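Undergrad: pasting the sequence and the predicted model now:
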Amino acid sequence: DAGVTQSPTHLIKTRGQQVTLRCSPKSGHDTVSWYQQALGQGPQFIFQYYEEEERQRGNFPDRFSGHQFPNYSSELNVNALLLGDSALYLCASSSRAGQTVTDTQYFGPGTRLTVL
Amino acid sequence: AQSVTQLDSQVPVFEEAPVELRCNYSSSVSVYLFWYVQYPNQGLQLLLKYLSGSTLVKGINGFEAEFNKSQTSFHLRKPSVHISDTAEYFCAVSVLGGATNKLIFGTGTLLAVQP
């Protein structure tokens, strides 16, 4: 049973560029959340997608956007990259199962983004 | 708003010794509590969670945690650590009755097990 997968593993971009990160949820899961983990910090919630819609958003600017596809996979897009966007981006999946907040989130290995 | 405080950024301990990683949270509403572990260059793995019921929760790899509502704490313990337990440990909360199951994390505690 495949867990949460993310691609690419590493990415290097320059300031002002745009980036797209991809996530495939664990089998049987239909909800995807994205987190940003800066060096030495805990993960920060960016947003969550369910039924192809953004359900909740953390304190991140509009440069951060996302998408969920009918097969439940998801993309995170970041425009106009800043040096401060350098971080590990984690994807987590869960099952809504009646939209209960007790659903455990399972995390992927992350994408390490470096902005130069 | 909710917040999580992990007071110790790093905890050095010798192999086979007991360890406690501290976690305190702040919330005006009821929360669920979690501990995740992150090994080098990997994602997060769930160790244990408290949703309701018994305040002593047992997780994987011999870890356990105790929920203390009056002290708003959820400390993680292990009676005897191994070298392989060396990792970053994150405490997290999610809001009971919230719109989603989003997690709010602490800044993490590095458990460094020495031989």
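TA: Cool, got the structure. Numbers count the residues shown, from 1 in each chain, chains lettered A, B, ... in the order given.

Undergrad: now do the contacts for the nearest residue to A:Leu116 once chain neighbours are set aside.
TA: Distances taken as CB to CB, 6 or more residues apart in numbering or on different chains put A:Thr14 closest to A:Leu116, at 5.2 Å, once the chain neighbours are dropped. Any C-beta I mention is one placed from the backbone N, CA and C, and that applies to glycine too. A:Thr14 makes contacts with A:81, A:115-116, as judged by CB atoms under 8 Å, 6 or more residues apart in numbering or on different chains.

Undergrad: output the below-cut-off pLDDT ranges for the chain.
TA: Looking at chain A here, since you left the chain open. A:1, A:97-102 (pLDDT under 70).

Undergrad: ah, I was thinking of chain B
TA: Applying pLDDT under 70 to chain B flags the ranges B:97-99.

Undergrad: please identify which residue in it comes closest to chain A.
TA: Nearest residue of chain B to chain A: B:Phe105, at 3.3 Å (CB to the nearest CB).

Undergrad: OK, contacts around the closest residue to chain B within chain A?
TA: Going by CB to the nearest CB, chain B is nearest to A:Gly42 of chain A, at 3.3 Å. Listed by CB under 8 Å, 6+ apart, the contact partners of A:Gly42 are B:4, B:90, B:92, B:105-108.

Undergrad: what does chain B have sitting close to chain A?
TA: B:4, B:32, B:36, B:41-46, B:49, B:51, B:90, B:92, B:94-108 (CB under 8 Å from any CB of the partner chain).

Undergrad: spatially nearest residue to B:Pro79 (excluding sequence neighbours)?
TA: Excluding the flanking residues, the one nearest B:Pro79 by CB to CB, 6+ apart is B:Pro18, at 5.1 Å.

Undergrad: roughly how far does that neighbour sit from B:Gln71?
TA: Per CB to CB, to the nearest Å, B:Pro18 is found 20 Å from B:Gln71.

Undergrad: and what of B:Tyr89?
TA: 19 Å.

Undergrad: more neighbours: the two, which one.
TA: B:Tyr89 (24 against 9; other CB atoms under 10 Å in any protein chain shown).

Undergrad: tell me the contacts of the residue nearest the centre of chain A?
TA: Centroid-nearest residue in chain A, with CA atoms, centre = their mean: A:Trp34, separated by 2.8 Å. A:Trp34 makes contact with A:23, A:45-48, A:66, A:74, A:76, A:89-92, according to CB under 8 Å, 6+ apart.

Undergrad: got the contact list for the helix or strand harbouring A:Thr20?
TA: Here A:Thr20, judged by DSSP states H and E, is contained in strand A:19-24. The contact list for strand A:19-24, computed with CB under 8 Å, 6+ apart, reads A:2, A:4-8, A:11, A:13, A:32, A:34, A:72-78, A:81, A:89, A:91, A:93, A:108, A:111, A:113.

Undergrad: which residues of the chain fall in strands?
TA: This is for chain A. With DSSP state E as the criterion, chain A has strands at A:5-7, A:10-13, A:19-24, A:31-37, A:44-50, A:53-57, A:64-68, A:74-78, A:87-94, A:106-107, A:111-115.

Undergrad: wrong chain, I was asking about chain B
TA: Along chain B, the stretches classed as strands by DSSP E are B:3-5, B:10-14, B:19-21, B:24-26, B:31-38, B:44-50, B:56-58, B:64-68, B:73-78, B:87-95, B:104-105, B:109-114.
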